[in-house]
Structure formats: C-alpha cells, structure tokens
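Give me coordinates for this.
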Amino acid sequence: MEIKNFLKSLSIMHIFLLAGLSLFTIWVIFQINSFSTSTTGEGVYLYLIPIFALLGYFGSQIVFKKMTSKIAIDLQLEEKLKKYQSALHLKYALIEIPSFLGLFTYYNSGNALPLVISICLLAYLAVQRPNKENIINSIPLTADEKSQIQKALTRNK
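Modelled structure (predicted):
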C-alpha cells in the first residue's frame, strides 16, 4: 500500500461524505424554506436530536481514540493504516448519522434547532479532514515508520 494513495483515498472519501451531507442540507433548507423555534406540540425527536448529536460528537472521539490506541506498535505499517482507516470510517459515521437525523427532523417539523445542530455537526465533520499529522499523532508508529510517512507525503507535492 502506497502511503500517498492511502491518504488520497481517505481525503476523497471525506470530501464525498462532506459533499453529500452538504448537498442534502441545502436541499432540505430549500424544501422547507421556513424556520420555527416553537417547541410546543413538537415530536419527541426534537428532544432526542441534541442527545444523538452529543452522543455522536463525543462517541466519535472516544471510539476513534479507543480503536487507534489498540493498534499494536509491532504490526506492519500497512496493517496499522488499515486499522486507522476503519477507526476513521466509524468516526465519520458517528458524526454523520446524528446530522442526517437532525435534517430529517427539521424536514418533518420545520423547527430550526435540529437544523442548527446538523450544521454544527457538518462543520465538525469538515475539520476532521485526514492529513499526515493526524495519522502520525493517532497511530503508534516507530521512528522509521514516521519518517517513511513524512517522506512519502512531502515528496511530489
């Protein structure tokens, strides 16, 4: 596995997840085209969305750290990167799911609270872009592996 291609594929996946969620957000906003801040008579989902968002936000961090901390230092670099990729996929899913739920709730209720929460989760997902510093800081690497990643990702920029 070439490290440069690995990071490129992670970046492309991140961009597509972000673009899909962004386009869906824009579509939902244009479909409803109104905002309500009333919480009377609203469904139970209006109260569950903040809880799901908090679980997604903190859960994504906890699960990611737990999964990356379980990567053994004596594994081959390719195996470490595969485990990192799995952890990153789960992290993104834990951020996206509450955001989609918030957008569906906004679509059904017109209440702005789930929309605002979804936009905040979208912004958080945007700053979670994979890069070499995150890889180096998240995975237990030997000094040789760190220099290998640095060389591979600084060449031909």
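
Could I get the contacting residues of the residue nearest the centre of the chain?
In the chain, the centroid-proximal residue (Cα atoms, centre = their mean) is Y92; its distance is 2.8 Å. Y92 is in contact with 13-14, 17, 60, 125, 128, counting by Cβ atoms under 8 Å, 6 or more residues apart in numbering. Backbone N, C-alpha and C define where each C-beta goes, glycine included.

Which ones among those residues map onto helices?
13-14, 17, 60, 125 (DSSP state H).

what about the helix or strand of the chain at the bottom of the mean pLDDT ranking, distance to the chain center?
Every helix and strand of the chain was ranked by mean pLDDT, DSSP states H and E. The lowest is helix 143-154, at a mean of 84. Distance, stretch centre to chain centre, for helix 143-154: 25 Å (Cα atoms, centre = their mean, to the nearest Å).

What of stretch 115-127?
10 Å.

mind putting the ones in helices among the contacts of Y92 in TSV, pLDDT, distance to Q76 and neighbour count included?
Listed next are the ones in helices among the contacts of Y92 as TSV, based on pLDDT from 0 to 100; distance: Cβ to Cβ, whole Å; neighbours: other Cβ atoms under 10 Å:
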residue	pLDDT	distance to Q76	neighbour count
M13	95	22	15
H14	96	24	17
L17	96	28	18
S60	96	27	25
L125	97	30	21
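
Save those as JSON lines, and put in distance to K146 too.
Listed next are those as JSON lines, based on distance: Cβ to Cβ, whole Å:
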{"residue": "M13", "distance to K146": "23"}
{"residue": "H14", "distance to K146": "22"}
{"residue": "L17", "distance to K146": "27"}
{"residue": "S60", "distance to K146": "25"}
{"residue": "L125", "distance to K146": "27"}
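
closest to I97 among those residues?
Closest approach to I97 among these (Cβ to Cβ): S60, at 9.8 Å.

Could you pull up phi and psi at the nearest residue to that closest one once chain neighbours are set aside?
Excluding its sequence neighbours, the residue lying closest to S60 (Cβ to Cβ, 6 or more residues apart in numbering) is L94, at 3.9 Å. Main-chain dihedrals, L94, degrees, to the nearest 10: phi -70, psi -20.

L94 - how many residues pack around it?
L94: 20 surrounding residues under other Cβ atoms under 10 Å.
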